[in-house]
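Asks: Sequence and predicted model, in that order:
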Amino acid sequence: MDFTLSSEQHLFQETVRRFAANELAAGAAARARNPAYPWDVARRMAAMGLMGIALPEEDGGMGGTLLDSILAIQAVAEICPRSADTIQAGNFGPVRTFAEFATREQKARYLGPILRGEAVISLGMTEPEAGSAVTDLQTSATPDGEGFRVNGTKVFGTHSTEAQVFLVYVRFGPGLDGIGSVLIEKGAPGFTIGQPSAFMNGETWAQLYFDDVHVAPQDVLIGPGGFRKQISGFNVERLGNAARAVAAGRHAFNIARDHALHRRQFGRPLCEFQGIQWKFAEMAMKLEAAQLLLMRAAVNAGPGLPNANETALAKLACNEAGFFAANEALQVMGAMGFSEESTVQYCLRRTRGWMIAGGSAEILKNRIAEDVFGRSFPQRPPRS
Ligand SMILES: Cc1cc2nc3c(=O)[nH]c(=O)nc-3n(C[C@H](O)[C@H](O)[C@H](O)COP(=O)(O)OP(=O)(O)OC[C@H]3O[C@@H](n4cnc5c(N)ncnc54)[C@H](O)[C@@H]3O)c2cc1C
């Protein structure tokens, strides 16, 4: 497989890198400390054409590929990890599942503000009793003659404290085939957003409560039987997490490399100690190997959705490599890396979260093992 970038892709990558270096590098540490979503950055990304990169032009996108989106998000994340969240929100997150399956009318209503960096959409998938076992979800959508009444609760949603609209997984009926999704706006009667809580990575989330929320038929995104469609869109979100994990690992790596070149102990720079050199060799090897799996999944997707197994392999490798690199980089930096002023500890906290979010490492391994053995391994206890 040829992973060589074309001259256009190189130019695009370099343009985004230069923009990030000139406009975002100076504020990277401050943004990492600020839990508020960087709306100013989101608008600048939109002005740069970095929202909806892989969406068709008729939808307001750039008509590019998934690889283009990966090049952009990594170019930004390597320089300002927090700013890359805006590219995730405008390209990889629930926006992508939405754009893939929404009607023309739904797109007309919601895509514009999202692609202008003025709004975000949040994914309401996880429930208190349905985490990894997402198909156990209980939030119900019951026909009421004029549409549906939604009842239930969701937890842990990224941007759940900032979003204007929510893509909510619901149950129209029993079993896997009963699952679909609806769009619910903030402020809808019966929809309450609970008190904000914080993840250790600095992001906030709030519990969502749906109490007889009316959903009109035109607000159904994917009807019953659409669970697999939803997960196929979710694979893009997974690659966005993977791409940021490797890039955050590289951000930490670069800072630690500079530190090791200049910090002197025992009369020599740290990089002259073999124990330190080997850390960098391992970090480089893991980051580059993970990057190749990421590129494979992205290249094979073209402008479409990535393959599930390639995505699982890429996300697992990227999550592990990113976290490993951030952790080792922090160790190389000593107390400097552990201190709040450093973005290295921030990268450690961010990469840690992606080992849980978007399909935990264990769930990805289960998925990969099924592909290895060519058979399914049901996780539920056998029925008596
Ligand atoms: C940073 C972050 C962002 C998130 N963003 C969103 C979002 O935008 N929208 C949303 O809906 N949710 C979001 N989540 C929630 C996320 O999807 C869940 O945390 C995830 O699915 C795991 O569910 P859980 O936390 O309930 O853990 P559990 O499912 O209770 O699992 C606990 C542990 O057991 C392991 N485990 C579970 N089942 C198995 C098994 N069969 N085999 C082996 N190990 C297993 C898990 O891997 C995990 O380590 C986010 C979470 C994080 C941390």
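Replies: Happy to help now that I have it.
Asks: Please, where are all the helices along the stretch 51-200 of the chain?
Replies: 66-77, 84-87, 94-101, 104-115 (DSSP state H, counting those that start in this stretch).
Asks: how about the ones you listed, which one is nearest W278?
Replies: Shortest distance between W278 and the helices of the stretch 51-200 of the chain, using C-beta to C-beta, is found for helix 66-77: 25.5 Å. In this view, the C-beta of every residue, glycine as well, is placed from N, C-alpha and C.
Asks: which secondary structure elements does the closest one contact?
Replies: helix 7-19, helix 84-87, helix 227-262, helix 274-301 (3 or more C-beta pairs under 8 Å, 6 or more residues apart in numbering; DSSP states H and E).
Asks: can I get those helices in TSV with distance to the ligand, mean neighbour count and mean pLDDT?
Replies: Listed next are the helices and strands packed on helix 66-77 as TSV, based on distance: least, C-beta to the nearest ligand atom, whole Å; neighbours: other C-beta atoms under 10 Å; pLDDT from 0 to 100:
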stretch	distance to the ligand	mean neighbour count	mean pLDDT
helix 7-19	24	15	97
helix 84-87	11	28	98
helix 227-262	8	24	97
helix 274-301	19	18	98
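Asks: what pLDDT does the closest residue to H159 other than its chain neighbours get?
Replies: Nearest non-adjacent residue to H159, counting by C-beta to C-beta, 6 or more residues apart in numbering: S122, 4.3 Å away. pLDDT, S122: 98.
Asks: so K315 makes contact with G358?
Replies: Yes: if you go by C-beta atoms under 8 Å, K315 and G358 touch, sitting 7.0 Å apart.
Asks: The residue nearest to H159 contacts V168, doesn't it?
Replies: No: in this structure S122 lies outside contact range of V168 using C-beta under 8 Å: 9.1 Å.
Asks: Settle it for me: which of those two has more neighbours?
Replies: V168 (29 against 26; other C-beta atoms under 10 Å).
Asks: Can you tell me the closest non-neighbouring residue to the more buried one?
Replies: V168 sits nearest to G124 (C-beta to C-beta, 6+ apart), 4.1 Å away.
Asks: Quick check: the one you found vs the ligand, distance?
Replies: Distance, G124 to the ligand, by C-beta to the nearest ligand atom, to the nearest Å: 6 Å.
Asks: On the pLDDT front, check K107 for me.
Replies: So K107 comes in at 98 (pLDDT).
Asks: show me what contacts it?
Replies: By C-beta atoms under 8 Å, 6 or more residues apart in numbering, the residues touching K107 are 59, 98-99.
Asks: Just want the phi and psi numbers for V220.
Replies: Backbone torsions for V220, taken as degrees, to the nearest 10, come to phi -80, psi 130.
Asks: mind checking the SS state of A206?
Replies: strand (DSSP: H, G, I helix; E, B strand; the rest coil).
Asks: wouldn't it be in contact with T161 here?
Replies: Yes: between A206 and T161 there is a contact at 5.0 Å, judged by C-beta under 8 Å.
Asks: Quickly list what's touching both of these two.
Replies: Common contact partners of A206 and T161 (C-beta under 8 Å, 6+ apart): 193, 196.
Asks: show me where pLDDT drops low in the stretch 251-384 of the chain?
Replies: For the stretch 251-384 of the chain, no stretch has pLDDT under 70.
Asks: of all of this structure, which residue lies closest to the ligand?
Replies: In the chain, the residue that lies nearest the ligand is G131 (2.0 Å; C-beta to the nearest ligand atom).
Asks: What are the phi and psi values at that residue?
Replies: phi -100, psi -100.
Asks: Can you report how many residues neighbour it?
Replies: So G131, with other C-beta under 10 Å, has 16 neighbours.
Asks: Check the gap between the residue sitting nearest the centre point of the chain and G61 for me.
Replies: Centroid-nearest residue in the chain, with C-alpha atoms, centre = their mean: N241, separated by 3.7 Å. To G61, N241 is 21 Å away according to C-beta to C-beta, to the nearest Å.
Asks: Could you do A42 as well?
Replies: 16 Å.
Asks: coming back round to it: surely the residue nearest to V168 and A163 touch.
Replies: No: using C-beta under 8 Å as the test, G124 is too far from A163 to be in contact (9.3 Å).
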